[in-house]
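Undergrad: Test case, fold it:
(2 chains)
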Amino acid sequence: MMRAFKKMLKIELKLSLRGMDMVIFAICFPVVMVILLGIIYGSKPAYSGASYTFLEQSFGAISTIAICAGGVMGLPLLVSDYRYRKILKRFKVTPTSPALIIAVHLVIYAIYSVVSLILICLVATLFFGCNLGGSLIGFLGSYILVMLSMFSIGMMVGGIAPNMKIASIVASILYFPMLIFSGATLPYEVMPNALQKAVDVLPLTQGIKLLKATSLGLPVNDVLSAIIIMGVIAIICSSISIKFFRWE
Amino acid sequence: METIKVEKLSKMYDGIPAVCDLSLLVKRGEVFGLIGANGAGKSTSIECILGTKTADSGSVSILGMNPIKERKKLFERVGVQFQESNYQDKITVSELCEETQSLYKTFNDYRQLLKQFGISDKGKSLVNELSGGQKQRLFIVLALIPNPEVVVLDELTTGLDSRARRDVWRLIADLRSKGLTILLTSHFMDEVEALCDRIGILKNGKMIFCGTVQEAIAASPYEKLEDAYLWYTDEEVNDDESI
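TA: Predicted coordinates for the structure are as follows:
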C-alpha cells in the first residue's frame, strides 16, 4: 500500500506538472501577485498610521490562492476527469482502491499549496522586506484549516457532479467569486462596507481573516466563529462527498 | 475445477433487464467467449461478474472467491482489460505500466511483457499516441502485469484492422497454451472460432446458447458459425423455422 502510494505520488505528480495548469495557477500566479503588490505598494503602510505594510496585510490572502486553485478548481476537474476516463473503475479491479489515487491527488494539491506558501514567503521577505511578526503556529493551524475546508468543497463538487462539464461550471462559480471577493486577490480592506458584509459568508473570507490576523500578530475578532464556519463546512462537505461519491 | 462460476445472474437498468438469469462455468485453462450484438449485455455481464456493478440477484465466484467481498485478494490473481481504454491523459507507456505494477504484491516485469508483445520500444511514448493495435497490446500487457491465473478481456479487438487483430489472436493463443483461464467478449465470429474453447451467445441479456463452436453449428441448420450465430440471434428466422 505504502509502496503503491509513493510510486503513484511520483507518477501522478509528474503528470500534474506536465499539465501545467497548477504550476500556473497555484505557483506562478501568487508569486506574481506578491511581486506586483510589492512593486506597486512597496513599504507603504496598509493605512496611514498602520504598524504593518499593505503587502504584509495581503500576505495571508495571497497564501490561499494555491489552496483555492487546487481544492476548488483542480480537484473537481481531476475527480470528474478520472471518473469519465474510467480510471477510478480500473482501480476497482485491482487489489487497491480508487480512493488511493484520490488520496494521492489530495497530497499533490497540498504539496502545491505548501510550495506556493514557501515561495511567496521567500519573495515577500527577501525582496520586499516583509516582516511577518505573527504567530507561526497560529498561521499554520489556520492554513491547514483553510486547506481542509477548501479541499472538502472540491471533493464534494467532484464527487457528486455527474459529468466534467457540470463539475467545471460549478468549480468556476465557486472559484472565481471566492478568489475575487474573499480578499485573495482584491484586498478585503478596499471593499465598500456593504460588500464586506456580503462576502463575510464565504468560508474563504473567514479563513483569510484568520490568516491575516495570525500573520500580522493582531488580535483576532470572532476567531471562534471563523473556526466554526470553516470546520462546519469541512465536516458537511466531506460527509456529503463520502456518502454520495460517484465512482462511475 | 471451475475457475469462474456464475449462477442465475440478473441485472436491471430502470426496469429493463440488461442481464437475465445468466449462468456459466469456465474451467481452469479454458478460453470462454461471450458473444452477442452491441447492447446484448456482454459488458454488463462482465461487470457484474467482476463486481464493478452489483447484480440484482444471482451469485458469482472466481477462483472460489466472491469478487465484491474478497475484491482485494481476488484481484491479485485476476487481470482485467475493460472495453474503453482507461488511462490518464499525457501518461507514457512505462509510467502506466509502473503505476499498474505498484498496485500488486507480486508482478511480472512489465519490460519483459512489452518486449514479448512487440512494443518494448514504446516505453517513452504517450499512450495516446500509440496505434490502435499497439494500445490493445498494451492493455493486454497491463492485464498480465499481476501474473494472473485468470484474465478477463472485454471487446478485445474492436476497432483494430485485420493485421492487428491477427497479432492479438496469436498472443491470446500463447496465453492459452500457458494454461491461463480467459474470459473474453467479442462480436467477431472468426475471432471466437479461432480462440475459444466454448462460447455463450447473448441476446437481450439472455444466454441463448452455451457450448463449443462445433456444438453451436451442429445444433443449427447451417455450416458456418456466422450463419449459426445469426440464426440463434435472429428472431424472425427462428419464428419462420418453427412455422
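
Undergrad: tell me the secondary structure for the residue positioned nearest the centre of chain B?
TA: What sits nearest the mean C-alpha location of chain B, by C-alpha atoms, centre = their mean, is residue B:184, with 2.2 Å. Using DSSP: H, G, I helix; E, B strand; the rest coil, the three-state assignment for residue B:184 comes out as strand.

Undergrad: tell me the contacts of it?
TA: Taking C-beta atoms under 8 Å, 6 or more residues apart in numbering or on different chains as the criterion, residue B:184 is in contact with B:31-34, B:152-154, B:156, B:172, B:195-196. All C-beta spots, glycine's among them, are computed from the backbone N, C-alpha and C.

Undergrad: I'd like the distance between it and residue A:3.
TA: When C-beta to C-beta, to the nearest Å is the yardstick, residue B:184 and residue A:3 sit 31 Å from each other.

Undergrad: if we can go back for a sec, identify the bridge partners of the residue nearest to the centre of chain B.
TA: On DSSP bridges, the residues paired with residue B:184 through beta bridges are residue B:33, residue B:153.

Undergrad: ok, now residue B:79?
TA: In this structure, residue B:79 has the following beta-bridge partners (DSSP bridges): residue B:151.

Undergrad: Number of residues surrounding it?
TA: Residue B:79 has 27 neighbours, counted by other C-beta atoms under 10 Å in any protein chain shown.

Undergrad: what's near enough to touch it?
TA: For residue B:79, the contact set (C-beta under 8 Å, 6+ apart) comprises B:142-146, B:148, B:150-152.

Undergrad: pLDDT-wise, which helix or strand of chain A ranks last?
TA: Of all the helices and strands that make up chain A, helix A:193-199 has the lowest average by mean pLDDT, DSSP states H and E, namely a mean of 87.

Undergrad: For the helix or strand that it is followed by, what does the pLDDT average out to?
TA: Beyond helix A:193-199 in the direction of the C-terminus, DSSP states H and E gives the next helix or strand as helix A:203-216. Regarding helix A:203-216, the rounded mean pLDDT is 90.

Undergrad: Just name whatever secondary elements helix A:203-216 is in contact with.
TA: Contact analysis of helix A:203-216 by 3 or more C-beta pairs under 8 Å, 6 or more residues apart in numbering or on different chains; DSSP states H and E lists helix A:54-62, helix A:136-160, helix A:223-244 as its packing neighbours.

Undergrad: please redo it, this time with the cut-off set to 10 Å
TA: Applying 3 or more C-beta pairs under 10 Å, 6 or more residues apart in numbering or on different chains; DSSP states H and E, one finds that helix A:203-216 contacts helix A:54-62, helix A:65-68, helix A:136-160, helix A:164-181, helix A:193-199, helix A:223-244.

Undergrad: Distance from it to the middle of the chain?
TA: From the chain centre to the centre of helix A:203-216 is a distance of 12 Å (C-alpha atoms, centre = their mean, to the nearest Å).

Undergrad: how far off helix A:223-244 does that helix point, in degrees?
TA: Angle, helix A:203-216 to helix A:223-244, by axes from the mean of the first three to the mean of the last three C-alpha atoms, to 10 degrees: 130 degrees.

Undergrad: Any stretches of chain B with poor pLDDT?
TA: Judged by pLDDT under 70, chain B has its weakly predicted residues at B:85, B:235-243.

Undergrad: mind listing the strands for it?
TA: B:2-13, B:16-27, B:31-35, B:57-62, B:78-81, B:150-153, B:181-186, B:198-203, B:206-211 (DSSP state E).

Undergrad: and of those, who's closest to residue B:128?
TA: Shortest separation from residue B:128 across those is recorded for strand B:78-81, at 17.4 Å, computed as C-beta to C-beta.

Undergrad: Quick check: buried residues in stretch B:29-46?
TA: Using 16 or more other C-beta atoms under 10 Å in any protein chain shown as the test for burial, stretch B:29-46 gives B:29-36, B:40-46.
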